Structure formats: C-alpha cells, structure tokens
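Undergrad: sequence plus the predicted model coming up.
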Amino acid sequence: MSPWGPHAGPARALNIAEIAAQEPLIRSALRGLGVRAIDLDDVCQDVVLGA
C-alpha cells in the first residue's frame, strides 16, 4: 500500500476528452503556481498537449 492509498492496478492512458475534462483543475493549479492570467491559456494548452 502506498502512502496515497491502496493501489488500484496499473496506470492507464487517458483519452483527450478525459484530459480536457480536467482543465478547470489544471487552470486552478497553474494559478496557484503563479502563472500570470495573460499566460494562463497558453500554459494550460502546453500542459494538456504534454499530457
């Protein structure tokens, strides 16, 4: 058991719809990391494309 809870099995690849559904969380995390509002769209896109 990991410190983050029980292991549910091997990791799986997310499809683009599942990744895009996380955009609000990604934006929130980026704002928390200090990304300026003017750069938020570009950085969010970079994160989604990298995922």
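TA: Perfect, thanks for sending it. Residues are numbered from 1 along each chain as shown.
Undergrad: in this protein, what spans have low per-residue confidence?
TA: 1-5, 7-8 (pLDDT under 70).
Undergrad: which element is the residue most central in space within the chain on?
TA: In the chain, the residue lying closest to the centroid (CA atoms, centre = their mean) is residue 26, at 4.5 Å. Under the criterion of DSSP states H and E, residue 26 resides in helix 23-32.
Undergrad: which helices and strands does that helix pack with?
TA: helix 40-50 (3 or more CB pairs under 8 Å, 6 or more residues apart in numbering; DSSP states H and E). Where you see a C-beta, it was placed from the backbone N, CA and C, and this is true even at glycine.
Undergrad: pull the residues that contact the helix it packs on.
TA: When contacts are defined by CB atoms under 8 Å, 6 or more residues apart in numbering, helix 40-50 is touched by residues 19-20, 23, 26-27, 30-31, 35.
Undergrad: which among those residues end up buried?
TA: By neighbour count, with 16 or more other CB atoms under 10 Å, the contacts of helix 40-50 hold 19, 26-27, 30, 35 as buried.
Undergrad: save those residues as a markdown table, and put in distance to residue 43 too.
TA: As requested, those are arranged in a markdown table below (distance: CB to CB, whole Å):
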| residue | distance to residue 43 |
| --- | --- |
| 19 | 15 |
| 26 | 9 |
| 27 | 9 |
| 30 | 6 |
| 35 | 5 |
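Undergrad: nearest to residue 6 among those?
TA: Minimum distance to residue 6 across the buried ones among the contacts of helix 40-50 is 24.1 Å, recorded for residue 19 (CB to CB).
Undergrad: tabulate the contacts of helix 40-50 (JSON lines), appending distance to residue 45.
TA: Converted to JSON lines, the contacts of helix 40-50 look like this (distance: CB to CB, whole Å):
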{"residue": "19", "distance to residue 45": "11"}
{"residue": "20", "distance to residue 45": "11"}
{"residue": "23", "distance to residue 45": "10"}
{"residue": "26", "distance to residue 45": "10"}
{"residue": "27", "distance to residue 45": "11"}
{"residue": "30", "distance to residue 45": "11"}
{"residue": "31", "distance to residue 45": "15"}
{"residue": "35", "distance to residue 45": "12"}
